[in-house]
Every structure is written in structure tokens, then in C-alpha cells.
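Novice: Requesting a structural model of the entry that follows:
(2 chains)
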Amino acid sequence: QVQLQESGPGLVKPSDTLSLTCAVSDYSIISSNWWGWIRQPPGKGLEWIGYMFYSGSTYYNPSLKRRVTMSVDTSKNQFSLKLNSLTVLDTAFYYCARMPPPVGGSAFFDIWGQGTLVTVSS
Amino acid sequence: SSELTQDPAVSVALGQTVRITCQGDSLRNSYASWYQQKSGQAPVLVIYGKNNRPSGIPDRFSGSTSGNTASLTVTGAQAGDEADYYCNSRDRSGDVVFGGGTKLTVL
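Specialist: Here you go, the predicted structure:
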């Protein structure tokens, strides 16, 4: 069964860069799927960060684009997120998810990781 | 960028039917997808495409679209359906957007 697992620091300092990794199990990252990141501040709604293809093509949320970099490591079957210039507003649960090819033009995330809480604080 | 608007909260009596709506211009060109998120858990996809349910999602959940409004209908709501529900879509530029979420209370 396909599983995604986020890993990274739980606490980071303002102005630092956050680095998260999503390990994909029992499914090859080299497929027709895209791979995405979504975040959720505690008690608030979901915010799309970006998604990428294993070839390296990326789409980023325009509001985060200047601070976000996504990459993939096919040899380790994982993909990563870097978010720089952190502020307290970046405190959130960060989820990685699989995004299959669109159906009826719709974009959807069918498999999610359990999420990891990242707190930005000095 | 596009936006999706959801009612913050909706309630339904046990066993009754409830509709949760999502409005946005991007829905004129692509179907919404819907997610259920229970407290302390990751979101779970419940509807995608025109009206498709992933394996394991009960047929009590259904989706529809009219113009710029997508709806998630829960028929015969159960206590276990109490959760936050989010819609999402993608606009023509490829950007993904989520609605603000609707808290469903089953009375």
C-alpha cells in the first residue's frame, strides 16, 4: 500500500530555511503522478505550497514562489521542500501528497502523509 | 489567483442529508475535489472528478457541479461524518487552490 512519510525538524528559527523530505513507499516516484506539498496552520485551513513531477517540472503557489524550492531524488524515491526566510506565520502542519493525472480537469491529492508540525520560533 | 468560498459551518440532524457548497470561477473549467479531515488527522480524499469516490469511501458521499458552484452531498449523515470538509480545484495556470473549509456538525 502506498505510503508517504514526511521528515524534518520540528522547530526552526525565524529567517532560517526549512527543509522537509517526503519518502514514498511501495510506489515508484517515477510515474504519471505529480507530488505535492500542502500546509495547515494549527486551527486553520489548507494552503497549497506546490507540486512537482519526477522530471523536475514544478508549480508553486504564487504567494510563496519566491521562497519555495522543490526537488526530487529518484534514487531514494523521495522528494523535498525548502522554504526560506521563515517567519512565525510559517508555523504549520506540513503534508506531502500524491497528485494523480487530472480527471475531468480536476486536480486532487489522493494519498497524504500523516503530516509534520513545524514551529518557527526563536 | 483564483479563490474558492465555503460556508464556515453547517449542521445536520443524524440520518438526514446535508449539502456542503464551494464557489469559485475555476469551477467553471474543472471539477472540484473534496476532502474530509477529522480532528488531529490528515485530510482524506472523498470525491474527485465529476463524481468519483476513492476505494473505501461510502456511497453516502456524492459530488455535483452547477456553474461556478460545486457541492458535496452527504446522504444519511452519521456521527462519524462529523469533520471539516475542504474543496479544491486547479485554475487554467495550473495553480491549485483550497476552499476555507466547512465544519460539519451532526446533531
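
Novice: From here on, just use CA atoms for contacts and neighbour counts.
Specialist: OK.

Novice: give me every residue that touches residue 47.
Specialist: This is for chain A. By Cα atoms under 8 Å, 6 or more residues apart in numbering or on different chains, the residues touching A:Glu47 are A:Ile38, A:Arg39, A:Gln40, B:Val97, B:Phe98.

Novice: You answered for a different chain; I wanted chain B.
Specialist: B:Ser33, B:Trp34, B:Tyr35, B:Arg53, B:Pro54, B:Phe61, B:Ser62, B:Gly63, B:Leu72.

Novice: redo that, cut-off 7 Å
Specialist: Going by Cα atoms under 7 Å, 6 or more residues apart in numbering or on different chains, B:Ile47 touches B:Ser33, B:Trp34, B:Arg53, B:Pro54, B:Ser62, B:Gly63.

Novice: next one: the host helix or strand of it to chain centre, how far?
Specialist: Per DSSP states H and E: B:Ile47 is located in strand B:44-47. The chain centroid and the centroid of strand B:44-47 are separated by 8 Å under Cα atoms, centre = their mean, to the nearest Å.

Novice: helix or strand for the spatially most central residue of chain A, which one?
Specialist: By Cα atoms, centre = their mean, chain A has its centre lying nearest to A:Trp37, at 2.4 Å. Assessed by DSSP H and E, A:Trp37 sits inside strand A:34-40.

Novice: Now look at that strand and say if it contacts chain B.
Specialist: No: Strand A:34-40 does not reach chain B (Cα under 7 Å from any Cα of the partner chain); its nearest approach is 9.8 Å.

Novice: Show me the contact partners of that strand.
Specialist: Here strand A:34-40 makes contact (Cα under 7 Å, 6+ apart) with A:46-53, A:92-100.

Novice: Grab the nearest non-local neighbour of the residue nearest to the centre of chain A.
Specialist: A:Cys96 (4.5 Å; Cα to Cα, 6 or more residues apart in numbering or on different chains).

Novice: wouldn't that neighbour be in contact with A:Thr116 here?
Specialist: No: judged on Cα atoms under 7 Å, A:Cys96 makes no contact with A:Thr116 at a distance of 9.3 Å.

Novice: Common neighbours of the two, please.
Specialist: Shared contacts of A:Cys96 and A:Thr116, defined by Cα under 7 Å, 6+ apart, comprise A:Glu6.

Novice: Check what contacts stretch A:71-79 and list those residues.
Specialist: Residues outside stretch A:71-79 that contact it (Cα under 7 Å, 6+ apart): A:Thr21, A:Cys22, A:Ala23, A:Val24, A:Ser28, A:Ile29, A:Tyr54, A:Gly56, A:Ser80, A:Leu81.

Novice: quick one: the strands in chain B?
Specialist: Along chain B, the segments classed as strands by DSSP state E run B:5-6, B:9-12, B:18-23, B:33-37, B:44-47, B:61-66, B:69-74, B:83-90, B:96-98, B:102-106.

Novice: Grab the most central residue of chain B for me.
Specialist: The residue lying closest to the centre of chain B (Cα atoms, centre = their mean) is B:Trp34, at 3.7 Å.

Novice: got the residues of chain B near chain A?
Specialist: Residues of chain B lying near chain A (Cα under 7 Å from any Cα): B:30-33, B:42, B:45, B:48-50, B:89-90, B:95-98, B:100-101.

Novice: Which of the residues you listed are buried? Put it as a ChimeraX command.
Specialist: The following ChimeraX line selects those of the residues of chain B next to chain A that are buried, judged by 16 or more other Cα atoms under 10 Å in any protein chain shown:
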select /B:30,31,32,33,42,45,48,49,50,89,90,95,96,97,98,100,101
